[in-house]
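Asks: Structure, please.
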Amino acid sequence: MGYDKFELGDVTLLSGEVLSSAFLAYKTYGKLDANKSNVVVLPTFYTGSHQRNEGFFGPGRAIDPDRHFIVSINMFGNGISSSPSNTESPQDGPRFPHVSLWDNIACQYRLLTEALGVKRIALVTGWSMAGCQAYQWAAQYPDFVDAILPFCASAKTSPHNFVFLEGVRAALCADQHWNNGDYSSPPVDGLKAFARVYAGWAFSQTFYRDSLYKTLGFESFEDLLVDWEEDHATNWDANNLISKLRTWQTSDISIGPIYQGNFEMALKSIKAKTILMPCSQDLYFPPADNAIEASFIANVEFRPFDSPFGHCAANPGNDKGFTLALENGLNQLLGEQ
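Replies: Sure, this is the predicted structure:
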């Protein structure tokens with residue numbers, strides 16, 4: 001199987017719904033030290049998994065399994081942890097309950113403390129939705145997290161980001177086979193349309209204008225689009241994508257019983273050393289959103305990085321400069337502990 005599962009039982013979600021027989025799939029790397037405090041948590045991004053997180057660490061790097069106990073946790077809805085595609089009736093497919101980032105982090109906390117014996121977290125970091133979870137960790141458990149470095153992410157999904165997500169959702173659901181999620185065969189045309197719209201936002205205008213897709217091995221942007229189509233049609237369940245999309249759209253560290261919607265209070269409650277690292281040409285998570293967040297976080301550095309790869313600057317192998325800047329930030333946070 002290549003990963004472990006933590007059985008959560010029946011989980012009461014923030015919405016009041018109950019997710020039956022819930023579980024988190026995760027993988028660990030390295031060893032927990034005697035103080036149980038060398039822990040680095042890597043949540044997963046929207047189309048991510050624990051395997052894809054392996055591009056963010058390794059021997060001799062800032063996050064190093066020889067020095068750190070790395071816990072890579074699959075978020076709900078990604079097809080490995082509890083998801084529409086692997087949950088039995090009556091919560092299968094489109095009937096899968098809405099799971100917030102609050103719910104994800106509450107369950108991740110149980111995994112770390114109940115199954116792994118973790119006493120505190122040295123660092124939570126991640127790209128995109130994984131970075132959103134880093135913010136959530138720091139706000140939801142401010143005395144448990146020493147440092148966070150969210151990159152190409154935000155503490156709250158902006159209206160503009162929400163509308164982008166409505167666009168890809170509408171493209172998928174327009175497929176005649178979608179049938180409100182009760183499809184008998186995968187809505188392949190919808191998945192391909194989803195991918196084409198997504199690709200237009202994943203990279204910057206400069207990326208396409210300057211034909212930078214050629215640096216990724218594509219002769220034309222049509223080749224890139226076809227590659228994205230094939231990936232989504234082959235590797236992703238439509239209901240899983242919609243479930244995670246809803247989680248993304250409702251991302252907000254202030255929801256829940258602690259802050260009750262007071263976003264400024266939630267940001268001010270973050271005690272972790274924080275580096276915010278947006279990409280200046282990211283069309284999902286523009287730096288302006290992070291600059292506002294930084295004005296309310298006590299111990300923060302705001303480090304925007306300019307890259308024509310946009311949101312995908314963070315994808316390992318795309319932009320060496322971004323990777324180097326990220327490694328420097330991670331080394332700084334982990335070296336200060």
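
Asks: What pLDDT does the model give N239?
Replies: Per-residue confidence (pLDDT) for N239: 98.

Asks: got a list of contacts for the host helix or strand of it?
Replies: For N239, the host element (DSSP states H and E) is helix 238-249. Residues outside helix 238-249 that contact it (Cβ atoms under 8 Å, 6 or more residues apart in numbering): 46, 75-79, 83-85, 93-94, 96, 98-101, 104, 129, 132, 157, 161-162, 165, 168-169, 172-173, 178, 181, 183, 186-187, 190-191, 194, 232. Backbone N, C-alpha and C define where each C-beta goes, glycine included.

Asks: Give the buried subset of these as a ChimeraX selection command.
Replies: Burial among the contacts of helix 238-249 is assessed by 16 or more other Cβ atoms under 10 Å; the matching ChimeraX selection reads:
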select :46,75,76,77,78,79,83,84,85,93,94,96,99,100,101,104,129,132,157,161,165,168,169,172,173,178,181,183,186,187,190,191,194,232
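
Asks: Let's see which of the contacts of helix 238-249 end up in strands.
Replies: Of the contacts of helix 238-249, none are assigned to strands by DSSP state E.

Asks: mean confidence score for stretch 142-158?
Replies: For stretch 142-158, mean pLDDT is 98.

Asks: List the residue ranges of the chain that fall below the pLDDT cut-off.
Replies: Within the chain, the stretches with pLDDT under 70 are 1, 336-337.

Asks: So which residues of it form strands?
Replies: Along the chain, counting by DSSP E, strands occupy 4-12, 18-29, 39-43, 69-73, 123-127, 147-151, 273-276, 300-302.

Asks: Distance from the helix holding N239 to the middle of the chain?
Replies: Taking Cα atoms, centre = their mean, to the nearest Å, one finds the center of helix 238-249 at 12 Å from the center of the full chain.

Asks: Buried residues of that helix, list them for me.
Replies: Quick answer for helix 238-249 (16+ other Cβ under 10 Å): 238-249.

Asks: from what I can see D282 touches H311, true?
Replies: Yes: with contact defined as Cβ atoms under 8 Å, D282 reaches H311; the gap is 4.6 Å.

Asks: which neighbours do those two share?
Replies: Common neighbours of D282 and H311, counting by Cβ under 8 Å, 6+ apart, are C152.

Asks: Could you check which of these two has the larger neighbour count?
Replies: Just comparing D282 and H311: by other Cβ atoms under 10 Å the higher neighbour count belongs to D282, 29 against 23.

Asks: For the more buried one, give me its contacts.
Replies: Counted by Cβ under 8 Å, 6+ apart, D282 has contacts 152, 204, 310-311, 313.

Asks: Show me the two of these that sit farthest apart.
Replies: Greatest spatial distance in the contacts of D282: C152 and S204, 12.0 Å, computed using Cβ to Cβ.

Asks: So for those two, which residue has more residues nearby?
Replies: Each of C152 and S204 has its neighbours counted (other Cβ under 10 Å); C152 has more, 30 against 23.

Asks: Angles on the backbone of that one, please.
Replies: Main-chain dihedrals, C152, degrees, to the nearest 10: phi 50, psi 60.

Asks: where's it relative to T323, distance?
Replies: 13 Å (Cβ to Cβ, to the nearest Å).

Asks: A22 too?
Replies: The gap separating A22 from T323 is 35 Å, by Cβ to Cβ.

Asks: Compare neighbour counts for the two and give me the winner.
Replies: Using other Cβ under 10 Å, the more surrounded residue of A22 and T323 is A22, with 22 against 18.

Asks: check contacts around that one.
Replies: 7-11, 76, 82, 107.

Asks: switch to 10 Å and redo it
Replies: Counting by Cβ atoms under 10 Å, 6 or more residues apart in numbering, A22 makes contact with 6-11, 13, 76, 81-82, 87, 91, 97, 99, 103, 107.

Asks: which residues does it bridge with?
Replies: Beta-bridge pairing of A22 under DSSP bridges involves G9.
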